[in-house]
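*Asks:* requesting a structural model of the entry that follows:
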Amino acid sequence: MIRRIPTLCAAVGATLLLGLALPPARGDDKEPDRAADQAAVRARTQEFLKVLAKGDAKEVAAFWTATGEYVRGDLTIRGRTNIEKAYAEHLKKKQPGTVAVEGESIRFLSEDTAVQEGVFVVKRPNPAETTRSQFSALMVRSGGKWYFGQVREAPEPPSLQELAWLVGSWAYASDGAETRMVVEWAEVKKYLLCRTTRKQDDQTTTATQILAVHPATGAIQSWTFESDGSLGEAVWSRTDKGWTAKVTSVAADGDKVTATTILTPVDENTFTFQSTERTVDGEKAPDLGPIKVTRRAAGK
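*Replies:* Here you go, the predicted structure:
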């Protein structure tokens, strides 16, 4: 098949037509100062979050217009009355937790309409139950108040923010060894660094792990470098009770090792981990754990 190559004249003609289709630039189209309206939208959203924390479905639904919509995936709920019913059913099953907004932006479509976008973070005592979802809210001003005309919500893709609760110092004991672990942010929160020091008798070993969202796959991935020369990597996945990591590594002596690491939070200061489905050069190896890990106070 011979591909048709546009001629220079055709390309120029298309450019000219595009230019004619665009309205001329006008000096009076400058965006007005909406700082006061932005503050009002943010204040209204914070008011909504406080009411949501109380768990009163009627008060929550009152933040929508009478014909407003809530959309999540294939679910669309239309009308304030139906939104109230849906919230009432949801709140019977699960308390709302503490909700915060992150990464928020606001833009105005007209004098009385705005679009607010960001991430809803629902925090609960157990980090495994904390959820993050992206949202886009069409806000409508009526009677001097801002209301939700439509809210679209979707689960946030895998994010290191899911594991932000790990930042800090941790300790655990296992097989006669004392282990200390420090987790911290690096590179404008694009990576998590985990440094582990294990002491047993007069021997000390260390490991450094880097966690990041892989730009090609969008999954959380980790790379581990141990002081004896062992190298490993893992792909992390969220579960109902925490996280799992499918590990593949090569020991310093060349043995190929595979395992599944299971990380299960108890609360923000305690978690357990296990290493299961372990193989060394294809041979089954004993599982490890569960091992209890506790947060250490700052400076200790």
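
*Asks:* against Gly79, how distant is Lys145?
*Replies:* Computed with CB to CB, to the nearest Å, the distance linking Lys145 and Gly79 is 19 Å. The C-beta positions use only the backbone N, C-alpha and C, and glycine is treated the same way.

*Asks:* and for Gly97?
*Replies:* 26 Å.

*Asks:* rewinding a little: neighbour-wise, which of Lys145 and Gly79 wins?
*Replies:* Gly79 (16 against 11; other CB atoms under 10 Å).

*Asks:* what's the nearest residue to the more buried one if we skip its chain neighbours?
*Replies:* The shortest distance from Gly79 to any non-neighbouring residue, by CB to CB, 6 or more residues apart in numbering, is to Thr67 (6.0 Å).

*Asks:* residue contacts, that neighbour?
*Replies:* Listed by CB atoms under 8 Å, 6 or more residues apart in numbering, the contact set of Thr67 reads 78-80.

*Asks:* between those, which is nearest Trp243?
*Replies:* Arg78 (36.4 Å; CB to CB).

*Asks:* the nearest residue to that closest one once chain neighbours are set aside and Leu138, how far apart?
*Replies:* Closest residue in space to Arg78, ignoring its immediate chain neighbours: Glu69 at 5.1 Å, by CB to CB, 6+ apart. Using CB to CB, Glu69 is found at 9 Å from Leu138.

*Asks:* same thing with Phe48?
*Replies:* For Phe48, the distance to Leu138 - CB to CB - is 14 Å.

*Asks:* ok, back up a step: burial check on the residue nearest to Arg78, number of neighbours?
*Replies:* Glu69 - counted by other CB under 10 Å - has 18 other residues nearby.

*Asks:* right, and it touches Gly149 too?
*Replies:* Yes. With contact defined as CB atoms under 8 Å, Glu69 counts as touching Gly149 (7.5 Å).

*Asks:* how many neighbours does Gln46 have?
*Replies:* Using other CB under 10 Å, Gln46 has 13 other residues around it.

*Asks:* chain neighbours aside, what residue packs nearest to it?
*Replies:* Val101 (8.0 Å).

*Asks:* against Val119, how distant is the one you found?
*Replies:* Using CB to CB, Val101 is found at 7 Å from Val119.

*Asks:* tally of neighbours for Ala234?
*Replies:* 21.

*Asks:* who does it bridge with?
*Replies:* Ser222, Val247 (DSSP bridges).

*Asks:* and what of Val257?
*Replies:* Going by DSSP bridges, Val257 forms beta bridges with Ser249, Val280.

*Asks:* shaky segments in the protein?
*Replies:* 1-30, 96, 299-300 (pLDDT under 70).
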